[in-house]
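J.: Here's my sequence, what's the structure:
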Amino acid sequence: MDTTSRVRHLPYQYPEHLRTDVQQAPMAPGVYLFLGEDERVPLYIGKSVNLRSRLNAHLRNKSEARLLHQTRRIAFHCTAGEISALLLEARLIKQRQPLFNRRLRRQGTLSSIVVDDAGKVQIEPSQRIDYGRDPRVYGLFKNQKKARDVLLALADEHQLCLGVMGLDSLVRQRGCFRASIGKCRGACQGKESLVEHRERLLLALTDYHVVMWPYDGPVALCEQHGDMTTYHVLNHWRYLGSFDSLARAQQGHWQVDDHFDADIYKITVKPLLANGADIVALLPRGDKHE
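T.: Okay, the predicted model is just below:
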């Protein structure tokens, strides 16, 4: 048995060498890093609204014996709240590629479904889509196959026509094969109008809709915890930076990044749409996403 195999099957033993690090962690929001011999590549990065409680849970988790055995120390960064922790965690994982993390690693090319005015669909790579500005966009899929699989499943569930959607060929004046076996309501045969078919398609895709940017321009989302205050600047779901004051949020050097990050969208969409969220409109700085 090689060294890797022996480490993988190590029995759980409480990691006494990490006890002090955990005791020093505050009962506050933040991000933590499990560090091994080579601290340039973290073993694991996580977040919590209560760092000490979460770290204690790690140390008692027998299924994490391998991680705990390799960890030499635990570092942490306090944040102004859960959103701040989520944003920092996502950024650090993408930048530092920790060995034990699977989620939030550097993502490849996403694909989304675009529905045109005639009810036809296209599966497009993310580079061709202006997220937050185009209301016809549905889904953030890891590849085109996943997007197509979702469309096929929805077609079965809602009796949609693949031919009308542009996903299958149609012979003029003949319905599709699915209509003959009861899996299509007959939009391809004129039994249902194309308008009705498109409306049913959009309804079926509702849960996948990528929300339009709800503001006129960039905004700062404020988060506070204790003495910490952080302003996260976003525009059209692009994250432009975090600042410790509103003045710096407005005057700071925003990141100029045209890249749409699905993780940033998922982290910020609910807070930015929530009633009562502390959101301040900012003056544009000239960039099309700022």
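J.: Below-threshold pLDDT in the stretch 51-200 of the chain: ranges please.
T.: Scanning the stretch 51-200 of the chain for pLDDT under 70 picks out the ranges 104-108, 172-173.
J.: if we go to 80?
T.: Along the stretch 51-200 of the chain, segments meeting pLDDT under 80 span 103-108, 171-174.
J.: Let me see the ranges of the strands in it.
T.: Counting by DSSP state E, counting those that start in this stretch, the stretch 51-200 of the chain has strands at residues 73-78, 111-115, 121-125, 137-141.
J.: Of these, which is nearest residue 166?
T.: Residue 166 lies closest to strand 121-125 among the strands of the stretch 51-200 of the chain, at 6.0 Å (Cβ to Cβ). C-beta coordinates here come from the backbone N, C-alpha and C atoms, glycine included.
J.: residues of that closest one that come out buried?
T.: Neighbour counts over strand 121-125 (16 or more other Cβ atoms under 10 Å) mark 121, 123, 124 as buried.
J.: Stretch 92-109 now?
T.: The neighbour-count check on stretch 92-109 (16+ other Cβ under 10 Å) flags 92, 93, 98, 101, 104 as buried.
J.: Same question for stretch 203-221.
T.: Buried, per 16+ other Cβ under 10 Å, within stretch 203-221: 204, 205, 208, 210, 213, 218, 219, 220, 221.
J.: who touches residue 251 in this structure?
T.: By Cβ atoms under 8 Å, 6 or more residues apart in numbering, no residues touch residue 251.
J.: TSV for the buried residues of strand 121-125, including distance to residue 138?
T.: Formatted as TSV, the buried residues of strand 121-125 follow (distance: Cβ to Cβ, whole Å):
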residue	distance to residue 138
121	9
123	10
124	11
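J.: from those, which is closest to residue 14?
T.: Residue 14 lies nearest to residue 123 out of the buried residues of strand 121-125, by Cβ to Cβ, at 50.0 Å.
J.: Let's test this: mean pLDDT of stretch 10-21, rounded?
T.: Averaged over stretch 10-21, pLDDT sits at 91.
J.: re the thing from before, which two of the buried residues of stretch 203-221 have the greatest separation?
T.: Taking Cβ to Cβ, the two most distant members of those are 204 and 220; they sit 36.1 Å apart.
J.: still on that earlier bit, possible to save the strands of the stretch 51-200 of the chain as TSV with distance to residue 16?
T.: Converted to TSV, these look like this (distance: least, Cβ to Cβ, whole Å):
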stretch	distance to residue 16
strand 73-78	13
strand 111-115	48
strand 121-125	50
strand 137-141	43
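J.: Nearest to residue 171, out of those?
T.: Relative to residue 171, the nearest member of these by Cβ to Cβ is strand 121-125, separated by 19.9 Å.
J.: Which neighbouring elements make contact with that closest one?
T.: Applying 3 or more Cβ pairs under 8 Å, 6 or more residues apart in numbering; DSSP states H and E, one finds that strand 121-125 contacts strand 111-115, helix 144-158.
J.: Name every strand pairing with it and say which way it goes.
T.: Strand 121-125 has the following sheet partners, assigned by DSSP bridges: strand 111-115 (antiparallel).
J.: Helices of the stretch 1-150 of the chain, start to end?
T.: 3-8, 19-24, 51-59, 65-70, 82-96, 144-158 (DSSP state H, counting those that start in this stretch).
J.: Return the most buried member of these.
T.: The highest average neighbour count among those, using mean count of other Cβ atoms under 10 Å, belongs to helix 82-96 at a mean of 20.
J.: what's that one packed up against?
T.: Packing contacts for helix 82-96, counted by 3+ Cβ pairs under 8 Å, 6+ apart, involve strand 30-35, strand 44-48, strand 219-225, strand 228-235, strand 238-243, helix 262-273.
J.: To residue 170, which of these lies closest?
T.: Closest among these, using Cβ to Cβ: helix 262-273, at 33.5 Å.
J.: Give the buried residues for the helix or strand following that closest one.
T.: Where DSSP states H and E defines the elements, the next helix or strand beyond helix 262-273 is strand 279-281. For strand 279-281, burial by neighbour count (16+ other Cβ under 10 Å) applies to residue 279.
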